[in-house]
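> how would this look folded up:
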Amino acid sequence: MAFNKLRFRSKLLFSYIILIVFSVTLSVIFLIQINKLEKNVEDIYDHPLAVSNAVRDINTCINGMHRSMKDVVLAQNSQELDSAVHIVNTLNSKALNSFQVVFKRFLGDMKDAKNAHKAFVDWEEIRNEVIALKKDGKDYEAAEITKGKGAKHVQSLLDKTKVMIDFAQSKADEFKLNTENAYNRTFAAFLLLIILIIAFSIVMVIIISDSLLKPLQQFIDKMRAIYLKEGSVSDNQAYVTEVELLEITVNELENAYKKIEERNQELKGLNEDLDEKVRLRTIELETKQLQLKDKNEEYAVINEELRQTNEELINAKDHAEKNESIAKEKTEEYEAINEELRQTNEELMEAKQRAEESDQLKSAFLANMSHEIRTPMNGIVGFAKMLQKEGLSEDKLKHYTNIIVESSKQLLSIVNDILDISKIETGQIEIFKEKTNIENILDETTQLFQLKAQEKQLLLDWTCLVPDKQKEVLTDRAKLKQVLYNLISNAVKYTESGFVKVNCKIQNKDLLFTVSDSGIGIPKNEHHKIFDRFIKIEYSTTKLYGGTGLGLSICKGYVESLGGRIWFESEENKGTTFFFTLPYEIATISTDNVVVHSQNEKEFANSNVMIVEDEDFNFNYLEELLQRKKINYIRAKTGREALSLFKNNPNIDLILMDIRLPEMDGFTVTQEIRKVNSKIPIIAQTAYALPGDKQKAIDAGCNDYIPKPIIEERFNSLIDKYLN
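I've put the predicted structure just below:
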């Protein structure tokens, strides 16, 4: 058999594994039976027993409440009546809690439990009626209801609860029978387990004993044959018991091991003596060799030192005088270099400080720009998605559209601020003076903030002390309006209560404008940097104020470009007043030739426009604006397509040219068109709106320029200008 070929250790390990597997299998069977028994016991506790106890508690409460209702009827005074009613209410709460146990654990038809619960709840109406009659002094009527309708209801209620008790008792008997069966099966399995383990252990002992004794007996027989053959023991000693023979063998082995150990010790001693002699001789030779080496190195060093000393003495004499003059010159040179390095270090420290301040300003500006741009973008994107939903009412549609428009205006205002400050820094501000009515400017600007002021309950008004005949002046209307817009916007933003006032009067040869408020004011330590770009004053309040930090910088740049100056007075927590002046020039331009048209007054049914635009949504917007004026149009999506359409359509009257296009940019397309036709109007419509971009378009051959996002009024003005 394969089992007999295994080693003793393998046989023993294999036997133990079989025994363990067998024991585990039987233990699992035993545990399963124990779990079933435990489950049955748990069911007895969690279901029938708990339900039975809960129903008995309900019956106890019902009987106690019925007795207390009799006490209510028999009460002689209000104190006894209140006491009896209190007992009824207490037992009522306890019974309702017991009903919750029934609902949670009852295994029978839940309809029986619900019927009993409904009857119990309905009983409250009868009890309340009895208590009300008792309180009204109608003792006889209260007693009749208690003995009649009340007693019948209580008996019906007890009958309904008895159904649940009977079911719980029946279920308990069933669980008890299951438990007894499980116990009997468990006990039988346990007995079988014990018997099988004992039997299997006996078999394994026999197998292991046979596996151990048989090879041991063979070993003893071989040793006996060896002893008899060599004659080292007598016949009587060779045929002693196995234990005695093994003892003789062990003694023989011990004697042989001792002899070998003694010989090894002798050899080890000889080897150690030889190693010691070799080690001592080796050390002696190495010592002598090192001594010779050290002497040679010492002599070589002395010779080298003598040679170098001679050379140094010879060279020292030749260079003594030269070194003295060179040292003097070097000293003067080093002093000059040190002075230059000191000045350079000071300049570098100042540059480093300015660079760090600039980096801090730019970092703060970028963080603020991210917040300011994302805020209106959130409104645009969010409510644009809301418009995609179906079933929106007209009011919601109008409301969402207004939010998108206002958010777009806010975003455009931020972009315009950035472009304006860029123009100011690069000195590319263009001044367009025109006849401007000061009173109209003040009214238009303040009207923009009236709604916001009303929301904050602020008084916002303006006064113009310039005589009526002198209110028409020559100035840049847009820049004046922008300055007033920024100052009023700040005043309303930083004022929580009180007023915002705007005034204008003539002072000397200037127009003096003032914007006053009763707001939070400006800390004194911040006055020196209030007009710096990217600066936002941080207030020690919990309220956060938005803004790009560019408004006042733009105001200063515009006012100074118009020949005026700007300053302010402020006290923290009391308010701020901004002043600025502009040169006072009375307008003398005649208005006889001025013609005002509404946006859609003119129509050009016979005009043809080519729209060069690769983005569909931009084209759709221009398409809508042209359709309102009944203008014919064609579209080109690329630069090469624009050249092809222009050559094949000689009746084109105007070209709206995008700058960034696939295949060929708008500047190149314009230059190619100008080689063929130098008169056709070309308007650059582009998102490039930085300082100098307009001039680039004009230099490329465009007649005019309109930045994106395109404002309808500005667009209509250009159309009227070039198609009139």
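> from here on, contacts and neighbour counts on C-alpha atoms
Will do.
> now the strands: where do they sit in the chain?
Assigned by DSSP state E, the chain shows strands spanning 434-437, 458-464, 472-475, 498-507, 510-517, 566-571, 575-583, 608-612, 632-636, 654-657, 682-686, 704-707.
> closest to residue 164 out of the ones you listed?
strand 458-464 (74.2 Å; C-alpha to C-alpha).
> got the contact list for the closest one?
Residues from elsewhere that reach strand 458-464, judged by C-alpha atoms under 8 Å, 6 or more residues apart in numbering: 438-439, 442-443, 446, 450, 453, 496-505.
> if you set the cut-off to 6 Å instead, what comes out?
Contacts with strand 458-464, where a contact means C-alpha atoms under 6 Å, 6 or more residues apart in numbering, come from 497-504.
> Pipe the strands of the chain into a markdown table and attach mean neighbour count per row.
Listed next are the strands of the chain as a markdown table, based on neighbours: other C-alpha atoms under 10 Å:
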| stretch | mean neighbour count |
| --- | --- |
| strand 434-437 | 18 |
| strand 458-464 | 17 |
| strand 472-475 | 21 |
| strand 498-507 | 18 |
| strand 510-517 | 21 |
| strand 566-571 | 16 |
| strand 575-583 | 20 |
| strand 608-612 | 21 |
| strand 632-636 | 17 |
| strand 654-657 | 23 |
| strand 682-686 | 24 |
| strand 704-707 | 18 |
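> Could I get those strands in JSON lines, plus columns for mean pLDDT and distance to residue 132?
Supplementary listing: the strands of the chain in JSON lines, determined by pLDDT from 0 to 100; distance: least, C-alpha to C-alpha, whole Å:
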{"stretch": "strand 434-437", "mean pLDDT": "90", "distance to residue 132": "85"}
{"stretch": "strand 458-464", "mean pLDDT": "94", "distance to residue 132": "62"}
{"stretch": "strand 472-475", "mean pLDDT": "92", "distance to residue 132": "89"}
{"stretch": "strand 498-507", "mean pLDDT": "95", "distance to residue 132": "63"}
{"stretch": "strand 510-517", "mean pLDDT": "96", "distance to residue 132": "70"}
{"stretch": "strand 566-571", "mean pLDDT": "94", "distance to residue 132": "73"}
{"stretch": "strand 575-583", "mean pLDDT": "95", "distance to residue 132": "70"}
{"stretch": "strand 608-612", "mean pLDDT": "95", "distance to residue 132": "89"}
{"stretch": "strand 632-636", "mean pLDDT": "94", "distance to residue 132": "89"}
{"stretch": "strand 654-657", "mean pLDDT": "95", "distance to residue 132": "91"}
{"stretch": "strand 682-686", "mean pLDDT": "92", "distance to residue 132": "87"}
{"stretch": "strand 704-707", "mean pLDDT": "89", "distance to residue 132": "85"}
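> For residue 155, give its distance to residue 442.
Separation of residue 155 from residue 442 (C-alpha to C-alpha, to the nearest Å): 90 Å.
> mind checking which of the strands of the chain is nearest residue 148?
With C-alpha to C-alpha as the criterion, residue 148 lies closest to strand 458-464 of the strands of the chain, at 75.7 Å.
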